[in-house]
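[1] One predicted model, sequence on top.
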Amino acid sequence: MPPLNPQNRPSRSARQFAWALELPFLIVGSVVGGGLIGYFLDRWLNTRPFLMLALGALGFFAEIRDLLRRLKKEDPDSGQDSNS
C-alpha cells in the first residue's frame, strides 16, 4: 500500500473517533476470547471456574498492554506533522 500524502491523511478528530469506536471491541473481545478458551479448558480438565477466570483476566491485561503500546507508537502529537 503506498504511503498517504498529507492531503489524503484523515484528520486528527477522525483518527480519535475511529480509536474510540475500536476500543470497546478490543477490550471486550480479548476478555471474552480468553474466557471462552478457559471455559472449554475447564470443561475438559474439570477445573471449573479457575481457568476461565484466569484466562479472562490474562486477556484483559494483555489487551491493556497492547493498547498502551499502540498509544505510545501512534501518538498523533509526536511532532511528525507540524501543520495540522
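    That came in fine, so what should we check first?
[2] For the most centrally placed residue in the chain, what is the enclosing helix or strand?
    Nearest residue to the geometric centre of the chain (C-alpha atoms, centre = their mean): residue 26, 4.2 Å. Using DSSP states H and E, residue 26 falls within helix 12-45.
[3] buried residues in that helix?
    Neighbour-count burial for helix 12-45 flags 27, 30, 31, 34, 35, 37, 38, 39, 42 (criterion: 16 or more other C-beta atoms under 10 Å). Where you see a C-beta, it was placed from the backbone N, CA and C, and this is true even at glycine.
[4] Please name every helix or strand in contact with the next helix-or-strand element following that helix.
    Proceeding N to C from helix 12-45, the next assigned helix or strand is helix 50-73, under DSSP H and E. Applying 3 or more C-beta pairs under 8 Å, 6 or more residues apart in numbering; DSSP states H and E, one finds that helix 50-73 makes contact with helix 12-45.
[5] Any regions of the protein where pLDDT drops low?
    Within the chain, the set of residues satisfying pLDDT under 70 comprises 1-7, 76-84.
[6] Farthest from the middle of it: give me that residue.
    residue 46 (30.8 Å).
[7] any idea how far that residue lies from residue 39?
    Residue 46 sits at a distance of 12 Å from residue 39 (criterion: C-beta to C-beta, to the nearest Å).
[8] ok, and what's touching stretch 26-36?
    52-53, 55-60, 62-64, 66-67 (C-beta atoms under 8 Å, 6 or more residues apart in numbering).
[9] Next: stretch 52-68.
    Stretch 52-68 has contacts (C-beta under 8 Å, 6+ apart) with 23, 26-27, 29-35, 37-39, 41-42.
[10] Which positions in it come out as buried?
    Going by 16+ other C-beta under 10 Å, stretch 52-68 has these buried residues: 52, 54, 55, 56, 58, 59, 60, 63, 67.
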